[in-house]
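Q: my questions concern the predicted model and sequence given below.
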Amino acid sequence: MATGKRYLDSRKGWRAREQGHSAKNAYAPAVERVAVIMAMEAEAAPLRDALGATPIEVPVWASTLPVRLAVAPAVGGRPEVLLAVNGRDPTTGVDCIGSTAAALTTQVALTYGPIDLVVTAGTAGGWHRSNAEIGEVFVAWPHIACHDRRIDLPGFDQFGRGEIATADLRELADALGCRLGIVTTGDSLDESPTDRERILASGAEVKEMEAAAVAWVAQLHGVPVTAVKAITDLVESPVATATQFTANLAAAADALQATMMKLIDQLGDQ
Ligand code: SAH
């Protein structure tokens, strides 16, 4: 069980804020409990299998939500993992992708028990202009933001952009062969001309539909957050995003699973 909240020091990595944890050393204690938040069952299934995670009941207050929880106990140096998946929409039967369900799922995960790090994991679009490749895995740095919340009012413009700093996992990402980049969230799969302008101005390199919502809830709880996203499609490709997505989903989910397993193992050694 995690014993206290951790924060991230950009120079030294994870450090304990509280004493009494079972750290391997005083400067870089192990992460003991990780929550992984995912949107689609097809993204989550390979990771759930690889972790050997067992489904558990959601708390009573959340029993009307489609969220599904599974737990993989700590093994060796690997932290305990709470895997929370958005689940299926009861009306349409499809996975509840997007920010609304992602926020609810994160709230459920973070009220389940103490968590040291939230990881929003899934698939995403990338761009030829930043040399992204299908199947490549990105780790969010230095922040996650929103591109489709345009509110031209003082204060609300900043709230709309929703920039949230990510945990500093640069060294770990590098060791795993992941690229770093700003992850940008919107509630549409396509990229409207307005989105395009805003994303270009923001310098984002990874486009998806959940990370900023997950990060916002994690921030409300004071828990560090990162995003790990495997590229299923290239946004400016002549092939429709949905077509690329469907063709590449299984391969990207496998790449995501492989990276996530290594990342989770390494977090236990941080
Ligand atoms: N049409 C798909 C639905 C997937 S929507 C289907 O047939 O099942 C896209 C999901 O993958 C979202 O959860 C989102 O986070 C991610 N995603 C992948 N590529 C994306 C892109 N180019 N833009 C936005 N989200 C993307």
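A: On my side now, so go ahead. In this text the structure is predicted, and so the values were computed from the model without any measurement.
Q: so which bits of the stretch 101-250 of the chain are right by the ligand?
A: When proximity is defined by C-beta under 6 Å from any ligand atom, the stretch 101-250 of the chain lies next to the ligand at 122-125, 189, 207-210, 232-233, 235, 241-242, 245-246. C-beta coordinates here come from the backbone N, C-alpha and C atoms, glycine included.
Q: farthest pair in the residues you listed?
A: The widest separation within these, taken as C-beta to C-beta, falls between Glu210 and Thr246 and amounts to 18.5 Å.
Q: hang on, isn't Thr123 packed against Ala251?
A: No - in this structure, Thr123 is not within contact of Ala251 by C-beta atoms under 8 Å, at 10.1 Å.
Q: between Glu210 and Thr246, who's got more neighbours?
A: Higher neighbour count among Glu210 and Thr246: Glu210, with 32 against 12, using other C-beta atoms under 10 Å.
Q: enumerate every residue touching that one.
A: 37, 39, 86, 97-99, 101-102, 120, 122, 185 (C-beta atoms under 8 Å, 6 or more residues apart in numbering).
Q: name the SS class of Ala145, please.
A: Recorded secondary structure, Ala145: strand (DSSP: H, G, I helix; E, B strand; the rest coil).
Q: is the residue most central in space within the chain within a helix or a strand, and which one?
A: The central residue of the chain, meaning the one whose C-alpha is nearest the mean C-alpha position (C-alpha atoms, centre = their mean), is Thr120 at 1.2 Å. According to DSSP states H and E, Thr120 maps onto strand 117-126.
Q: and that strand, what other elements does it pack with?
A: Strand 117-126 is packed against strand 33-38, helix 41-51, helix 99-112, strand 137-146, strand 206-208, helix 211-220, strand 225-234, helix 241-269, with contacts defined by 3 or more C-beta pairs under 8 Å, 6 or more residues apart in numbering; DSSP states H and E.
Q: which non-adjacent residue is nearest Arg179?
A: Phe138 (5.0 Å; C-beta to C-beta, 6 or more residues apart in numbering).
Q: isn't the one you found up against Gly126?
A: Yes - using C-beta under 8 Å, Phe138 makes contact with Gly126 at a distance of 7.5 Å.
Q: overlap of the contact sets of the two?
A: Counting by C-beta under 8 Å, 6+ apart, the shared contacts of Phe138 and Gly126 are 132, 205-206, 231.
Q: for PyMOL, write the selection for the buried entries among those residues.
A: In PyMOL, the members of the shared contacts of Phe138 and Gly126 classed as buried (16 or more other C-beta atoms under 10 Å) are selected with the following command:
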select buried, resi 132+205+206+231
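Q: adding pLDDT, write the shared contacts of Phe138 and Gly126 out as a markdown table.
A: Below are the shared contacts of Phe138 and Gly126 laid out as a markdown table (pLDDT from 0 to 100):
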| residue | pLDDT |
| --- | --- |
| Ala132 | 97 |
| Glu205 | 98 |
| Val206 | 98 |
| Ile231 | 98 |
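Q: farthest pair within the shared contacts of Phe138 and Gly126?
A: Glu205 and Ile231 (9.7 Å).
Q: overlap in contacts of those two?
A: When C-beta under 8 Å, 6+ apart defines a contact, the residues bordering Glu205 and Ile231 alike are 126, 132, 138.
Q: now do the same contact list for the last one.
A: Residues in contact with Phe138 (C-beta under 8 Å, 6+ apart) are 124, 126, 132, 178-181, 183, 205-206, 227-231.
Q: and the residues you listed, which is closest to Glu43?
A: Nearest to Glu43 out of the contacts of Phe138 is Ala230 (C-beta to C-beta; 8.3 Å).
Q: count the neighbours of the closest residue to the ligand within the stretch 51-200 of the chain for me.
A: Checking the stretch 51-200 of the chain residue by residue against the ligand with C-beta to the nearest ligand atom singles out Gly125 as nearest, at 2.4 Å. Residue neighbour count, defined by other C-beta under 10 Å, stands at 25 for Gly125.
Q: isn't it up against Glu236?
A: No - because the distance of 9.4 Å does not satisfy C-beta under 8 Å, Gly125 is recorded as not touching Glu236.
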